[in-house]
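Participant: Return atomic coordinates for the entry below.
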Amino acid sequence: MLVYGIEIDLTNLEKPLLLVTEDEELLFQRLIQPTLENELIQCQLALSTRKSISLVRDLWLSMYKDREKLYINSGDAMLYPIRLILFELMTQAEYFKRLAKKSLGDECLSLIYAVLLLQFVLQWIKERFSENREVYEALKLLYRATEEYLDDEQTTLSREQSIAQAIAVKAIRFEVRENSQEFASLLYQTNNLINYLHDKVNEGGETNILPSLKDVAELLNLFYSERYTTNNASFTG
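Facilitator: Next up is the predicted model:
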């Protein structure tokens, strides 16, 4: 299907970091397709490439299911070190765990939370490394469509790919460690957004369960227009 003008085959995403069942794969495809068709501009970083959507799936599953009962598919995870480090940093964070408790067993809420969390984190990553050419070249594949992705049939990385990804992973780990409070604030902002969405839904007389992500575009627009300005559009502001 076309996603922001780029053709992405949802049946041929990158291999998952977690062990998943065929039913879970199919469920994710059914949930993500109408979300992508809606083309949420506010969440474009999280939904614009094969790599980022694959990471959304990993985060979605870890929020939908009990994270403690899920297992990393170590063989496949080694192919995607950047996805893996972001997944680990996010799922180990306290605010992620809090949100996961709210969305446990709820397939739709888990998707909403996963997309919003990844959008915030990718925006932060993009801003932090925009002037570091070496790291940025490796990271941009997460949110910029390109043919230079690792093919699923490829079992080993080239030397250049391995070096680039290793440098990026080290840089991300260092940046989060050195700016731990800022990273925590980033996830706190996500929590604020989710609470905002809940409040707006409740104002309309709905239940506490948020609507499908494809239906929250108007609320997202309202949040961004109230919370951010064109002069200060940072997600961590």
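
Participant: In the protein, where is pLDDT below threshold?
Facilitator: Filtered on pLDDT under 70, the chain yields the residue ranges 1-5, 141, 143-157, 204-215, 224, 226-237.

Participant: would you list every one of the strands in it?
Facilitator: For the chain, the strands defined by DSSP state E occupy 2-3, 6-7.

Participant: The last one pairs with which strands, parallel or anti?
Facilitator: In the sheet containing strand 6-7, its partner strands are strand 2-3 (antiparallel), by DSSP bridges.

Participant: mind listing what the nearest residue to E134 once chain neighbours are set aside touches?
Facilitator: By the measure of CB to CB, 6 or more residues apart in numbering, the closest residue to E134 outside its immediate chain neighbours is I167, 6.1 Å from it. C-beta here means a position set from N, CA and C on the backbone, and glycine is covered the same way. By CB atoms under 8 Å, 6 or more residues apart in numbering, the contact set of I167 is 134-135, 138.

Participant: Then Y113?
Facilitator: For Y113, counting by CB under 8 Å, 6+ apart, the contacting residues are 59, 63, 99-100, 102-103, 194.

Participant: Generate a PyMOL selection restricted to the buried subset of those.
Facilitator: When burial is assessed using 16 or more other CB atoms under 10 Å, the buried subset of the contacts of Y113 is captured in PyMOL by this command:
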select buried, resi 59+63+99+100+103+194
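
Participant: before we move on, the earlier item: from the contacts of I167, pick the one nearest P81.
Facilitator: P81 lies nearest to A138 out of these, by CB to CB, at 9.5 Å.

Participant: Can you give me the neighbour number for the closest one?
Facilitator: Around A138 sit 22 other residues, with neighbours defined as other CB atoms under 10 Å.

Participant: same question, L26
Facilitator: Each residue near L26 was counted by other CB under 10 Å, and the total is 11.

Participant: now the helices: where do they sit in the chain?
Facilitator: When secondary structure is read from DSSP state H, the chain shows helices at 22-37, 44-47, 50-64, 74-77, 81-91, 94-103, 107-128, 133-139, 159-178, 180-203, 217-227.

Participant: I'd like to know how far S180 sits from V169.
Facilitator: According to CB to CB, to the nearest Å, S180 stands 17 Å off from V169.

Participant: which of those two has more neighbours?
Facilitator: V169 (17 against 11).

Participant: Next up, the contacts around L139.
Facilitator: The neighbours of L139, taking CB under 8 Å, 6+ apart as the test, are 82, 125-126, 129, 168, 172.
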